[in-house]
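1. Sharing a sequence plus its predicted fold:
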Amino acid sequence: MAELMRASGVKKRYGGVTALHGADFAVEAGRVSVLIGENGAGKSTLMRILAGIETPSEGEVFVDGHPVRLNGARDAAARGIGMVHQELNLCPNLSVAENIFLLGSRKGLLDRPGEREKARALLARLRQNIDPDRRVATLSIGEQQIVEIAKALAEECRVLILDEPTSALSEAEVEVLFEVIGDLKRAGVGIVYISHRLEELLRVGDSITVMRDGRIVARSEAADASVGWIIETMLGEEGRLERADTPAPEEGETVLAISGVSRPRDRTSAALHDISMEARAGGIVALYGLLGSGRTELMEVAFGARAASDGTITLKGENITRLSIAQRVELGLLFVSEDRKAQGLFANLDVGRNMAVSDLASFAQKGVIRPEREQGAVGRMIARLGVKTASARTAITALSGGNQQKALIGRALMPGPAALLLDEPTRGIDVGARSEVFATIRQLAADGLAVVFSTSDVLEALAVAERVIVIAKGRITLDIPVAEASEARLIRAANAAAAA
Amino acid sequence: MTKGKTLTMNGAGQAVGSDYAMALLLKFRTVLALVLVIAIFAALAPNFLTVANALIMLKHIAIVAILAIGMSFVILTGGIDLSVGSIAGLAGMVAGALIINGLPLTALGVVVYPSVPAVVGLVLLVGVGIGLFNGLLINRFQVAPFIATLGTLYMARGAAMLMSNGETFPNLIGNPALGNEGFSRIGAGLLLGIPAPVWLLAVIAAGAAFVAGSTTFGRRVYAVGGSERAALLSGVRVDRVKYAVYAISGAMAALVGVLIASDLVAAHPASGESFELNGIAAVVLGGASLTGGRGTIVGTLIGACVIGVLGDGMVMVGISEFWQMVIKGGVIVTAVVLDRLQERLG
């Protein structure tokens, strides 16, 4: 087994804080080395060192057995090391081919037909039928992810680092990605794979390395590892996502009702066809669907962030179809977007102000904010949701993904809503934070809220909801109580219509 | 994301500390620049540090600062208002026309001569109206603020020229018989020995700082500037916030037009040309980010002082007009570069 690269005793300090305490990690040809750990465990830092983005404070990096000093991503790319970041790094205004060959030729001249052909070949290798001339802005997130991988492959990399490549992919797209990884392995590429989805790691990985608090705490061949083992090593005592023992709360009257909602598809969003569903007080509805199935569009239509061509939406019996977002918020319908960074956070404001924004009027007298009222409400919400922050005045960007998510859920709860729409609330947050977010959701339902959350993870749907609705190609294909649902049934429902 | 993770590793407590230090440094930098500019001109021009000169400079600063305060709200939302200079010009002309020619009510066949407070009120309405028109273009027709306000810049300037065929309205002293005298007191008057525009600025700055820092509207302005989409999804009526900031900016610009016309006792249609650039420069010098969400009224005030003192000081020292432009540009660029550096260090 040929070792392609190795980090030996690498340490990384940022100011006075040590993010990585001496890690040893090897990438071998034709193998998938999985790296797992909670946010802040140091895996990102280790990866960034391997990818040449960061230089270690101590320790060395070897490529082909020779110590090297990688100066940036381009230097690493020249040595055959490529990385696909979790957050997409594409230029939406450029075409697929232009993005793949962004660093382009060395002579300063573009070879457009050649690039187009190469892009087509790369995409074919990834089993994708994406037109190289399409503008990236018109691609779905899943397709963009594929383009990112194509971009890394274009550099003819021997080491490919994938940082949570599946966080935005539907299960069908994940399958494609796994096939691609299989192809790459056979071609002798060494892969570093990072993900929070545990089943996935065991499937795709050859070896598993677990990190905690900036250290590598365990290593195992994937064949010898189990989900239970990974969670134990990663967290210690915290358990896996399991259905709560508490009895399902009494479901009350219908709070949110969607009936006959349709909209045509456009360049960037899916169509909806005659969708009807409802959410009851004290109930949790899981909206399960693949990426591009219309689950985000459905939530956005319900919230008024997107127009429907047909259908009615009622909240507590009142027709809200024609109301603006602000009016819906006032009536008690709140929404948390799946895209924290672009549609959730105010990076310029602190945690407290991020949370208070949805309910400013109630902290104010004649338009003047009463700081004591605001701080009191924010403090209570931070305590209620267990947001881990030094104070309400901490910058929101200093929080971990999971705590940012809790703060945003807190924002949605500030006005005391009747119904809450959560679009993929666990996207990009770690296992520990995920169970906390779901504990929060259960508590909210127990408090009488109607909760609808979307997910692309069957287990999440089964673990938390009372009712599961499956959406595929803009149509509801299954709407059943969770007691009647099974993993296989949901996946079939999500894929059946998709194939049709 | 990368930045966020790094910050997390630094620890939340430290992030707060460095934020605080950064904010202090940011304020300190502009104040430092102001002290420096004053010190240099005090050394070079013997009359610089006199009460008389200070009052003249304060009056000039008031013009820049009032405009820049309106601009601050727009820039805090992530927008820009290029039309303010033209609005000031048009406002002066409207005031001049109202005093000289009155308001012809053709339907009734009479000409009404409004009193000076009414003139000011009508002129402010013109400013608000143009601001709302900017807001309409930006909200309803999704025109980029830069382009929308560039369009109104030309339209307002053209309208100002049309009002008198490019001529000046001179001698705006009013007529006791018509009850519209006293216009010059707004811009040239003194209260307790201090020019009226300075008092106006004090009131406006205090009000604006309060609005930006302590009201729901102010908070929403910062939210829209931080992330328009997130604000919308949080139930903020983003379009109303935008209408309001452009209306405020338009009103401030109109007020500046009145102050200038009143001070000169004449309205010239080319007045206020390129004022928008001074306004933007003051806001940016004050530490605001042109992408929105960051900046303070106090910062803008200090920024306006730097612009004002620099301008007057260079004239007093006898620096040529061409060098004045080079130096002013250099100060602005340096300020922004320092700001970037501090942000990176913080």
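-> That came through, no problem. Residues are numbered from 1 along each chain as shown, chains lettered A, B, ... in the order given.

2. how many neighbours does the closest residue to B:Ala144 other than its chain neighbours have?
-> Among residues not flanking B:Ala144 along the chain, B:Ile138 sits closest, at 7.8 Å (C-beta to C-beta, 6 or more residues apart in numbering or on different chains). For every residue, glycine as well, the C-beta is placed using N, CA and C. Neighbour count of B:Ile138, defined by other C-beta atoms under 10 Å in any protein chain shown: 24.

3. Which strands and helices lie in contact with whichever helix or strand B:Ile138 is part of?
-> In this assignment (DSSP states H and E), B:Ile138 forms part of helix B:116-139. Counting contacts by 3 or more C-beta pairs under 8 Å, 6 or more residues apart in numbering or on different chains; DSSP states H and E, helix B:116-139 packs against helix B:84-100, helix B:145-164, helix B:184-188, helix B:238-264.

4. which residues touch the next helix or strand after the first one?
-> This means helix B:84-100. Following helix B:84-100 in sequence order, the next helix or strand is strand B:103-105 (DSSP H and E). Contacts of strand B:103-105 with the rest of the structure, by C-beta atoms under 8 Å, 6 or more residues apart in numbering or on different chains, involve B:Val110, B:Val111, B:Val112, B:Tyr113, B:Pro114, B:Leu122.

5. what about the helix holding B:Ile138, average pLDDT?
-> Per-residue pLDDT values over helix B:116-139 give a mean of 96.

6. Can you give me the buried ones in that helix?
-> Neighbour-count burial for helix B:116-139, counted by 16 or more other C-beta atoms under 10 Å in any protein chain shown, picks out B:116, B:119-120, B:122-124, B:126-128, B:130-139.

7. That helix versus helix B:145-164: what angle between them?
-> 140 degrees (axes from the mean of the first three to the mean of the last three C-alpha atoms, to 10 degrees).

8. which of the residues in stretch A:373-381 are buried?
-> By neighbour count with 16+ other C-beta under 10 Å, stretch A:373-381 contains the buried residues A:Glu374, A:Ala377, A:Val378, A:Met381.

9. repeat for stretch A:214-234
-> Quick answer for stretch A:214-234 (16+ other C-beta under 10 Å): A:Gly214, A:Ile216, A:Ala218, A:Ser220, A:Ala222, A:Ala225, A:Trp229, A:Ile230, A:Ile231, A:Glu232, A:Thr233, A:Met234.

10. list the contacts for the last one?
-> Applying C-beta under 8 Å, 6+ apart, one finds that A:Met234 lies in contact with A:Ile36, A:Gly37, A:Glu38, A:Ala41, A:Val210, A:Arg212, A:Val431.

11. need the contact list for the second one.
-> With C-beta under 8 Å, 6+ apart as the criterion, the residues that contact A:Gly37 are A:Lys43, A:Val210, A:Met211, A:Arg212, A:Met234.

12. Regarding the last one, which helix or strand does it belong to?
-> Counting by DSSP H and E, the secondary-structure element that holds A:Met234 is helix A:227-235.

13. After that helix, which helix or strand is next?
-> Later in the chain than helix A:227-235, the nearest helix or strand by DSSP H and E is strand A:254-263.

14. quick one: pLDDT of A:Pro92?
-> Model confidence at A:Pro92 (pLDDT) stands at 82.

15. State the distance from the residue nearest to A:Ala51 when sequence neighbours are not counted to chain B.
-> If the residues on either side of it in the chain are set aside, A:Ala51 comes closest to A:Met83, at 4.0 Å by C-beta to C-beta, 6+ apart. A:Met83 sits at a distance of 12 Å from chain B (criterion: C-beta to the nearest C-beta, to the nearest Å).

16. Could you pull up phi and psi at A:Met83?
-> phi -140, psi 140 (degrees, to the nearest 10).

17. Great, nothing more from me.
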